[in-house]
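Asker: Whatever this is, show me its structure:
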Amino acid sequence: MTFAQPDTRRLQGRWRWLLLFALVALLAACGEGDPAVGETPTATTGPIAGRTPGATATESGAGMPTSSPAPAAGTAAPEAYPLPPPSPTPRTYPVASPTPRPPASTTPRPSPYPAHEAFLPLIFGPPVPTPTPTPSVTPQPTATHTPVPTPTPTIDFNAVRAQLRAGGNDLGFAKIGFHTGSGGNAVGLGEWMRRLDAAGVPFFLKSADDFGPIREAQEIVRQSSVPHVLVFRLSGDAFDTPEYDLTPREAARRHWALHKAALPPELDPALVWIETINEVDKGRARWLAQFASETARLALADGYRWAAFGWASGEPEEADWETPEMLAFLRLVGQNPDRLAISLHEYSYLRDNIGDAYPFKVGRFQLLFAACDRYGIPRPTVLVTEWGWEYDNLPDPGRAMLDIAWAAQLYAPYPELKGAAIWYLGGGYSDIANRAQALIAPVRDYALGNYFAIPLPPARQPINPGLFGP
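Answerer: Numbers count the residues shown, from 1 in each chain. Reported below is the predicted structural model:
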């Protein structure tokens, strides 16, 4: 018998098609997986993060809005400033469960950051323009644009708050504000305050020496129910640094008396936080903790709100939060969250890298919170009273707003951190005010057009800096 010979070319062609089909199927299967748990979501605007248009409630949480509320009829369109661009929709992360606090202890324990049970804030808001390169030209000390007021805010934050709480989250705002002072260029600052107040968005304002902006802010606060945060400081060698050669108690008594005598008489101590020291000697942390405890008692007795330390960016050492003297002070602060606070500075010291050495410069507040968690101490009120890049320079608005959006996400889920003040609208420092002033309008519009879904108390954000890396 004879057998027909197989058509080798035809068989080889069929095998090629079968192999190609199998490869395509394998690649499709691999692309269907979710992002890994713990992956940091990219800031996004528009529909709720983690949800595609038309998604059901079970996909990202019942009760959550499918998109940001549309502007009311007749509302003027927002101005086009360089703001962070829309990004791919990230995965929705669960809210952290309440973490029971361990009993107070005087024995330090290891401080590993938990890699589990993490909540990341989700960012919502209307679409915003893609940043465009800005010419590196120093603006003149006048308004960089003519603000166009809108009769209503872009977002109905009260409605959003109700929707988020129905879904098990709380409403968080962008907490980035400004640091001003004598001279400089603060054109538009008053309008920034009024617009945020009208929208129900808290603003964060720090002023050194020049009480004018705080006076204006005080009047807004007196007529508003929005929890704005105001900080004032007197500067100069005598005001910045205590007398280290005295006992902590005597140095605190003298230093507090010096400040009380010099504070503006119109300052309302019930509305304004007072800083009395600035970028102090980190090598004297134990002495400073005792000094702070005595100053805190004097401030409480006199009816003031007082913020301690003004630590420079990158300070103090993590172990300094765990000395017996400092733990005693932190307990006092934790017991008086509306009257006592910790003041920190968070700079990258690099114009082109806000996240340099994160979280040991920007983001260092997390080391303080982690120490408090280890000892069962309530997380203290924190005021980041100086924030930025370099002492005399900052990026152009397009790049700066990308960095600010990242920092807003970093700070949002921690209600104890009240805000961060961009350095600097005051005079000097290579006329940095002219560059900082160009951020007033875009920072305003970012705050009016974005919000965050944050843990609803008693749940709180676990300390895991790796989840917020830039």
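
Asker: Do you have the strands of this structure handy? List them.
Answerer: Assigned by DSSP state E, the strands in the chain fall at 122-124, 169-172, 176-181, 204-208, 229-233, 272-275, 305-311, 340-347, 382-388, 417-423, 451-455.

Asker: and the fifth one, what does it pack onto?
Answerer: If contacts are counted by 3 or more Cβ pairs under 8 Å, 6 or more residues apart in numbering; DSSP states H and E, strand 229-233 sits against strand 204-208, helix 212-222, strand 272-275, strand 382-388, strand 417-423. Placement of C-beta: from N, CA and C, glycine included.

Asker: so who does residue 227 touch?
Answerer: residue 202 (Cβ atoms under 8 Å, 6 or more residues apart in numbering).

Asker: Local confidence estimate at it?
Answerer: Listed pLDDT for residue 227 reads 98.

Asker: Same check on residue 313?
Answerer: So, for residue 313, pLDDT stands at 98.

Asker: Also residue 416?
Answerer: For residue 416, pLDDT reads 98.

Asker: Report the spatially nearest residue to it, omitting neighbours in sequence.
Answerer: Using Cβ to Cβ, 6 or more residues apart in numbering and skipping residues adjacent in sequence, the residue nearest residue 416 is residue 379, 4.5 Å away.

Asker: that older thread, can you list the helices and strands packed on strand 229-233 in JSON lines and add distance to residue 314?
Answerer: Shown next, in JSON lines, are those (distance: least, Cβ to Cβ, whole Å):
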{"stretch": "strand 204-208", "distance to residue 314": "19"}
{"stretch": "helix 212-222", "distance to residue 314": "28"}
{"stretch": "strand 272-275", "distance to residue 314": "19"}
{"stretch": "strand 382-388", "distance to residue 314": "12"}
{"stretch": "strand 417-423", "distance to residue 314": "15"}
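
Asker: which one of those lies closest to residue 311?
Answerer: Shortest distance between residue 311 and the helices and strands packed on strand 229-233, using Cβ to Cβ, is found for strand 382-388: 10.1 Å.

Asker: okay, the closest one in PDB with CA atoms only?
Answerer: Written as PDB, here are the backbone C-alpha positions of strand 382-388 (Å, rounded to 0.1, in the frame of the first residue of the first chain):
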ATOM      1  CA  VAL A 382       0.800  69.700  63.600                       C
ATOM      2  CA  LEU A 383       1.300  72.900  61.800                       C
ATOM      3  CA  VAL A 384       3.700  72.900  58.800                       C
ATOM      4  CA  THR A 385       4.500  76.600  59.000                       C
ATOM      5  CA  GLU A 386       7.100  76.600  56.300                       C
ATOM      6  CA  TRP A 387       6.900  74.400  53.200                       C
ATOM      7  CA  GLY A 388       8.600  74.400  49.900                       C
END
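
Asker: which residues touch that strand?
Answerer: Under Cβ under 8 Å, 6+ apart, the answer for strand 382-388 is 176, 179, 206, 229, 231, 233, 273, 275, 307, 310, 313, 341-348, 362, 365, 368, 394, 407, 411, 414, 416-424.

Asker: between that strand and strand 305-311, what angle do the directions make?
Answerer: 50 degrees (axes from the mean of the first three to the mean of the last three Cα atoms, to 10 degrees).

Asker: Mind listing the strands strand 382-388 pairs with, and their directions?
Answerer: Sheet pairing of strand 382-388 (DSSP bridges) gives strand 340-347 (parallel), strand 417-423 (parallel).

Asker: What average pLDDT does it get?
Answerer: Rounded mean pLDDT across strand 382-388 is 98.

Asker: what's the angle between that strand and strand 176-181?
Answerer: 70 degrees.

Asker: so where's the chain shaky on pLDDT?
Answerer: Scanning the chain for pLDDT under 70 picks out 1-120, 122-123, 125-153.

Asker: out of the helices and strands packed on strand 229-233, nearest to residue 172?
Answerer: Taking the helices and strands packed on strand 229-233 one by one with Cβ to Cβ, strand 417-423 is closest: 10.7 Å.

Asker: now that closest one and strand 204-208, what's the angle there?
Answerer: Interaxial angle, strand 417-423 versus strand 204-208 (the same axes, to 10 degrees): 50 degrees.

Asker: Which residues outside strand 417-423 are in contact with it?
Answerer: Taking Cβ under 8 Å, 6+ apart as the rule, strand 417-423 contacts 175-179, 202-206, 229, 231, 341, 346-347, 365, 381-388, 391, 394, 404, 407, 411, 432, 436, 439, 443.

Asker: Recalculate using a threshold of 6 Å.
Answerer: With contact meaning Cβ atoms under 6 Å, 6 or more residues apart in numbering, strand 417-423 is reached by 175-179, 204, 206, 229, 382-388, 411.

Asker: now swap in stretch 272-287 and tell me
Answerer: 230-233, 240, 248, 259, 288, 304-307, 310, 312, 315-316, 320, 323, 325, 343.

Asker: Can you select the buried ones among those residues for me in ChimeraX?
Answerer: ChimeraX command restricting the contacts of stretch 272-287 to the buried ones, with burial defined by 16 or more other Cβ atoms under 10 Å:
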select :230,231,232,233,240,248,259,288,304,305,306,307,310,312,315,316,320,325,343
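
Asker: now the strands of the chain as JSON lines including distance to residue 193?
Answerer: Shown next, in JSON lines, are those (distance: least, Cβ to Cβ, whole Å):
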{"stretch": "strand 122-124", "distance to residue 193": "23"}
{"stretch": "strand 169-172", "distance to residue 193": "20"}
{"stretch": "strand 176-181", "distance to residue 193": "9"}
{"stretch": "strand 204-208", "distance to residue 193": "7"}
{"stretch": "strand 229-233", "distance to residue 193": "10"}
{"stretch": "strand 272-275", "distance to residue 193": "14"}
{"stretch": "strand 305-311", "distance to residue 193": "19"}
{"stretch": "strand 340-347", "distance to residue 193": "21"}
{"stretch": "strand 382-388", "distance to residue 193": "17"}
{"stretch": "strand 417-423", "distance to residue 193": "13"}
{"stretch": "strand 451-455", "distance to residue 193": "19"}
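
Asker: so which of those comes closest to residue 244?
Answerer: strand 305-311 (14.2 Å).

Asker: got the angle for the closest one vs strand 229-233?
Answerer: Going by the same axes, to 10 degrees, strand 305-311 makes 60 degrees with strand 229-233.

Asker: who does strand 305-311 pair up with?
Answerer: strand 272-275 (parallel), strand 340-347 (parallel).

Asker: Residues in contact with the last one: which ones?
Answerer: By Cβ under 6 Å, 6+ apart, the residues outside strand 340-347 that reach it are 275, 296, 306-313, 333, 362, 365, 380-388.

Asker: Verify the stated contact: residue 318 with residue 367.
Answerer: Yes: assessed by Cβ atoms under 6 Å, residue 318 is found in contact with residue 367 at 5.0 Å.

Asker: Compare those two and say which one has the larger neighbour count.
Answerer: Neighbours per residue, other Cβ atoms under 10 Å: of residue 318 and residue 367, the larger number sits with residue 367, 21 against 13.
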